[in-house]
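Colleague: Sharing a model prediction with you, sequence too.
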Amino acid sequence: MTERTDTEVVTRKPGLTGGEVAERVARGEVNDVPVRSSRSTSEIVRANVFTRFNAIIGFLFLIILVVGPIQDGLFGFVIVANTAIGIFQELRAKRTLDSLAVIGEAKPSVRRDGASAEIHTSEIVLGDLIELGPGDKVVVDGVVEEADGLEIDESLLTGEADPVIKRAGDQAMSGSFVVAGGGAFTATKVGREAYAAQLADEASRFTLVNSELRNGISQILKYVMWMMVPTAVGLIISQFTVESHDGREAVRRTVGGIVPMVPEGLVLLTSVAFAIGVIRLGRKQCLVQELPAIEGLARVDIVCLDKTGTLTEGGMDVSDLRPLDGADRDYTARVLAALGASDPRPNASLQAIIDAYPRPGGNASQDGSDEGSEDGSQDVSQDGRAAKDAAADGGWRCTEALPFSSARKYSGAAFNEPDGASSTWLLGAPDVLLPTGHGSLAEVDQLNNEGLRVLLLARTDRPLDDPRVAETVTPYALVVLEQRLRPDAGDTLRYFAEQNVQTKVISGDNAVSVGAVAGKLGLPGADAPVDARQLPADQDEMAKALEGGAVFGRVTPQQKRDMVGALQSRGHNVAMTGDGVNDVLALKDADIGVSMGSGSEATRAVAQIVLLNNSFATLPSVVAEGRRVIGNITRVATLFLTKTVYSVLLAVLVVCWQVPYPFLPRHLTLLSTLTIGVPAFFLALAPNKERAKPHFVRRVMRYSTPAGIICGLAAMLSYLLARHHYSGSGALDAETSAATLTLFLLEVWVLAIVARPYTWWRIALVLAMGVGFLIVLVVPWLQSFFALKLVGTQMPWTAVGIAVAGGLVLEAVWGWVRRRDTA
């Protein structure tokens, strides 16, 4: 891109009057696109109630209500309770998201009646004059009225990587953002007519899609439906043939065979786990703009950090001013004061200079004079007074300005000085403005090694719109800035190291300076920083260099994006954190984008997660929540699908043997509640630090399929042996009780394996489920209610023996599968 600035002299427009705004509101010409951070209440209710499996279970429940007894319809009440819990938790998550979205909502600056004020996006009307500055998002379509070096990035809309220079009369499209300069534009399209509204505001919508976990569960449910239909048809025919003398019993046994095939609680628990994750993170002022982001963080193995605003706090302090080649200190101070006054929207570096060298009438910040060496403090204080003295001699008039850009690494301004002379100045990175080998660079490197940030003030004879303006400059002074480290950054970096997540610091600052800051925080590899200008352009070669390094400096915004892509090409799941407009492209392309709440509007708009408290220390909580969700849902899915597999297998075996189905609905409701339903809720919400692995469906089926087959075969064997052992009236109940005992013991065994590694509460959970079943067996009225009564001692102990044998086989098979997974 040709770098140039055309500061257009435009009379400052007053904007609409209060009366004109009222007229437009009355006509409905308002930006009425709702800011939606969550699904509506009706959508949540529909999503939880009107599901395919709820329809199946509901239909079977109505059949049981007709044929009775009511205890065989308990599964219907369980579904109602599960659905109510799901709705309740998602509504809680909705309230959390909505309240956080209001906090994090961007408020554009609108000029009305000649005065600027921040208003909600929804309050913008047609014809409003909206002001723009670096990092601001263009919230509606419009026409540029004022432009002061205005550069807008439209890459999110057009894919064009280079910023576009805007002048008065040019179009500004909603969804683009300002990377340099400032200006104002008039809104010509608002509401749903605006370009970004037509694209739909997906970045701020609460969603359960585009997630490996959700897609995997949907795939599993599709397989279940394929198995259920033919199996259920065969079971119906079989039971009405075997129980032709008792139609009601045939119906109950058929329903008892179909109901457990449905993994009814799996989708519910997944939604609840996500919803509770949102609520937990919301309490820590963390806004989840895309729900799968919680899951995505469980899969991240590399976190790319922008230094400024992440490892360091946003503010900086001038600690020293070092004139070069005998430059006059007082004159240099006046130049810095003029440069600060020339930029209406200074970045953090320039703000520090403004604080230390205020424009006439300003007060020097104590930050600039209280920190640094004793000599530096004195110098800054004297320079501040010199800047004030400059006002007495007359003002410096800015005739042209070149706003700071992360791509070029410097800003500039041209002045008419008080004595009538003209001068043009640049302020930026020394290693960009000075040629390689310049004597001042050694001093810069020394300062960078101490973790200090250094800017060069230089004079140029070329006009600011000359593409070669930075090629021949006269250095005047080094401005030394001290960065404020975040007190919690070191602990956060150590957390990632403990969790086997690599940390890469990617910054536009000098590589040595970035490495020194990272070294103070204990980041491994910080002693070998890499200048990104030396990185190879080839993606594969770049990926190799990135994998070998930890700290990268002088990175351009496009390079940040390329670095994320290079790491992804090597199979890494990459999270990117940032707060500046230079981070937007990388945040958008990363698997997970994390923005600080104080970041630019554009950054917050593209990030999936916004840390509203601006605390980098919140990130481990987000990672832990993601790992909890994906790891625990994998455990829970194994429990549910084990039940589905053995239910389908039992139905097939019953059809083949032409015998009554071994269980009534009440038996399997009891077993599901004790071995799946209740434990699954606890397991789904428990802490889990293990990093998630890919191929969710394959891993779950590898464990649940053999477990279901073993449970089904063992239960059927126990049932068939009991049919040979018992005879006479009540034989079927005794046979069912023996099979139920075997199946319960094996399901508890599966639960005990899934619950590993053990903690005291997990052991207590497994034991409590066993005690619950024992209570049913020994309390007479529960025996009657659930039609469970063990008869004699031989067959019950045989059922226990079969369960133990099945458990040993289960341990062997799962051990073999586990070894294959880790191989």
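Modeller: Noted; the coordinates are in hand. Residues are numbered from 1 along each chain as shown.
Colleague: worst-scoring helix or strand of the chain, pLDDT-wise?
Modeller: When each helix and strand of the chain is scored by mean pLDDT, DSSP states H and E, helix 366-370 comes last, with a mean of 34.
Colleague: neighbours of residue 420, just the number please.
Modeller: 7 (other C-beta atoms under 10 Å). All C-beta atoms are positioned from the backbone trio N, CA, C, and that covers glycine.
Colleague: Same check on the one 5 residues further on?
Modeller: Residue 425 has 23 neighbouring residues, counting by other C-beta under 10 Å.
Colleague: Could you list the buried residues of the helix or strand containing residue 149?
Modeller: Using DSSP states H and E, residue 149 sits within strand 141-153. For strand 141-153, the neighbour count (16 or more other C-beta atoms under 10 Å) marks 141-142, 144-153 as buried.
Colleague: And the closest residue to residue 82 other than its chain neighbours, how far from residue 50?
Modeller: Nearest residue to residue 82, sequence neighbours excluded (C-beta to C-beta, 6 or more residues apart in numbering): residue 268, at 4.9 Å. Going from residue 268 to residue 50 by C-beta to C-beta, to the nearest Å gives 14 Å.
Colleague: These two - which one has more neighbours?
Modeller: Taking neighbours as other C-beta under 10 Å, residue 268 and residue 50 compare with residue 268 leading, 25 against 9.
Colleague: Please, which helix or strand holds that one?
Modeller: Element membership of residue 268, judged by DSSP H and E, is helix 264-282.
Colleague: And the average pLDDT for that helix is what?
Modeller: If you average the pLDDT over helix 264-282, you get 79.
Colleague: ok so, going back, does anything pack onto the strand holding residue 149? Which helices or strands?
Modeller: Here strand 141-153 touches strand 129-132, strand 164-165, strand 171-172, strand 177-189, strand 397-405, going by 3 or more C-beta pairs under 8 Å, 6 or more residues apart in numbering; DSSP states H and E.
Colleague: The first one - which strands sit beside it in the sheet, and in what orientation?
Modeller: Note on strand 129-132: by DSSP bridges, its sheet partners are strand 109-112 (antiparallel), strand 177-189 (antiparallel).
Colleague: Can you name the next helix or strand after the first one?
Modeller: What that stands for is strand 109-112. strand 115-118.
Colleague: which other helices and strands contact that next one?
Modeller: strand 109-112.
Colleague: Next, the buried residues of the strand it packs on.
Modeller: Residues of strand 109-112 classed as buried by neighbour count (16+ other C-beta under 10 Å): 110-112.
Colleague: Which single one of the residues you listed is nearest to residue 56?
Modeller: Residue 56 lies nearest to residue 110 out of those, by C-beta to C-beta, at 54.0 Å.
Colleague: returning to that earlier point: now the strand holding residue 149 and strand 397-405, what's the angle there?
Modeller: 70 degrees (axes from the mean of the first three to the mean of the last three C-alpha atoms, to 10 degrees).
Colleague: pLDDT of strand 141-153, averaged?
Modeller: Averaged over strand 141-153, pLDDT sits at 88.
Colleague: Stretch 551-569 too?
Modeller: Mean pLDDT, taken over the full extent of stretch 551-569, equals 90.
Colleague: For it, which residues meet the burial criterion?
Modeller: Neighbour-count burial for stretch 551-569 [16+ other C-beta under 10 Å]: 551-568.
Colleague: before we move on, what about stretch 633-651?
Modeller: 633-651.
Colleague: Counting only helices, which of these make the cut?
Modeller: If you go by DSSP state H, the buried residues of stretch 633-651 have 633-651 in helices.
Colleague: so which strand or helix has the residue of the chain most remote from its centre?
Modeller: Ranked by distance from the centre of the chain (C-alpha atoms, centre = their mean), the top residue is residue 728, with 63.3 Å. Using DSSP H and E, residue 728 falls within no helix or strand.
Colleague: pLDDT score for it?
Modeller: We have a pLDDT of 80 for residue 728.
Colleague: now residue 390
Modeller: pLDDT for residue 390: 40.
Colleague: Which residue ranges of the stretch 401-550 of the chain form strands?
Modeller: Counting by DSSP state E, counting those that start in this stretch, one finds strands in the stretch 401-550 of the chain at the ranges 410-416, 422-428, 453-460, 473-485, 502-506, 530-531.
Colleague: Now distance to residue 808 and mean pLDDT too, for those, in JSON lines please.
Modeller: Output for the strands of the stretch 401-550 of the chain, formatted as JSON lines (distance: least, C-beta to C-beta, whole Å; pLDDT from 0 to 100):
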{"stretch": "strand 410-416", "distance to residue 808": "72", "mean pLDDT": "90"}
{"stretch": "strand 422-428", "distance to residue 808": "71", "mean pLDDT": "92"}
{"stretch": "strand 453-460", "distance to residue 808": "65", "mean pLDDT": "92"}
{"stretch": "strand 473-485", "distance to residue 808": "56", "mean pLDDT": "88"}
{"stretch": "strand 502-506", "distance to residue 808": "41", "mean pLDDT": "91"}
{"stretch": "strand 530-531", "distance to residue 808": "55", "mean pLDDT": "91"}
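Colleague: Looking at those strands, which is nearest to residue 61?
Modeller: Closest approach to residue 61 among the strands of the stretch 401-550 of the chain (C-beta to C-beta): strand 502-506, 51.4 Å.
Colleague: tell me what the closest one is packed against?
Modeller: Partner elements for strand 502-506 (3+ C-beta pairs under 8 Å, 6+ apart): strand 302-305, helix 489-498, strand 551-553, helix 557-569.
Colleague: Pick out the residue nearest the middle of the chain.
Modeller: residue 293 (3.4 Å).
Colleague: is it true that that one touches residue 608?
Modeller: Yes - at 3.7 Å, residue 293 and residue 608 qualify as touching, with contact defined as C-beta atoms under 8 Å.
Colleague: okay, and the common contacts of those two?
Modeller: residue 592 (C-beta atoms under 8 Å, 6 or more residues apart in numbering).
Colleague: any idea of the pLDDT on the nearest residue to residue 307 once chain neighbours are set aside?
Modeller: Leaving aside its sequence neighbours, residue 307 sits nearest to residue 507 (C-beta to C-beta, 6+ apart; 4.0 Å). pLDDT, residue 507: 86.
Colleague: shaky segments in the stretch 301-450 of the chain?
Modeller: 314, 360-394 (pLDDT under 70).
Colleague: repeat that with 90
Modeller: 301, 305-320, 325-328, 330, 340-352, 354-411, 417-421, 429, 431-432, 434-450 (pLDDT under 90).
Colleague: residue ranges of the helices in it, please?
Modeller: Here the stretch 301-450 of the chain has its helices, by DSSP state H, counting those that start in this stretch, at 329-342, 348-356, 366-370, 374-392, 430-433, 440-449.
Colleague: now the angle from the first one to helix 348-356?
Modeller: Right, helix 329-342. Orientation of helix 329-342 against helix 348-356 (the same axes, to 10 degrees) gives an angle of 120 degrees.
Colleague: Packing partners of helix 329-342?
Modeller: Other helices and strands packing on helix 329-342, by 3+ C-beta pairs under 8 Å, 6+ apart, are strand 312-323, helix 348-356, helix 374-392, strand 397-405, strand 410-416, strand 422-428, strand 453-460, strand 473-485.
Colleague: got CSV for these, with distance to residue 681 too?
Modeller: As requested, those are exported to CSV (distance: least, C-beta to C-beta, whole Å):
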stretch, distance to residue 681
strand 312-323, 41
helix 348-356, 47
helix 374-392, 60
strand 397-405, 53
strand 410-416, 57
strand 422-428, 57
strand 453-460, 51
strand 473-485, 42
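Colleague: right, so of these, which gets closest to residue 694?
Modeller: Taking C-beta to C-beta, strand 312-323 is the member of these nearest to residue 694, at 34.5 Å.
Colleague: relative orientation of that closest one and strand 453-460 in degrees?
Modeller: 50 degrees.
Colleague: So that it lines up with my notes, have the first residue be 22 from now on.
Modeller: Right, with 22 as the first residue, what we last looked at is strand 333-344.
Colleague: For strand 333-344, what is the distance to the chain centroid?
Modeller: In terms of C-alpha atoms, centre = their mean, to the nearest Å, the centre of strand 333-344 is found 33 Å from the chain centre.
Colleague: now do stretch 296-310
Modeller: For stretch 296-310, the separation from the chain centroid amounts to 10 Å (computed by C-alpha atoms, centre = their mean).
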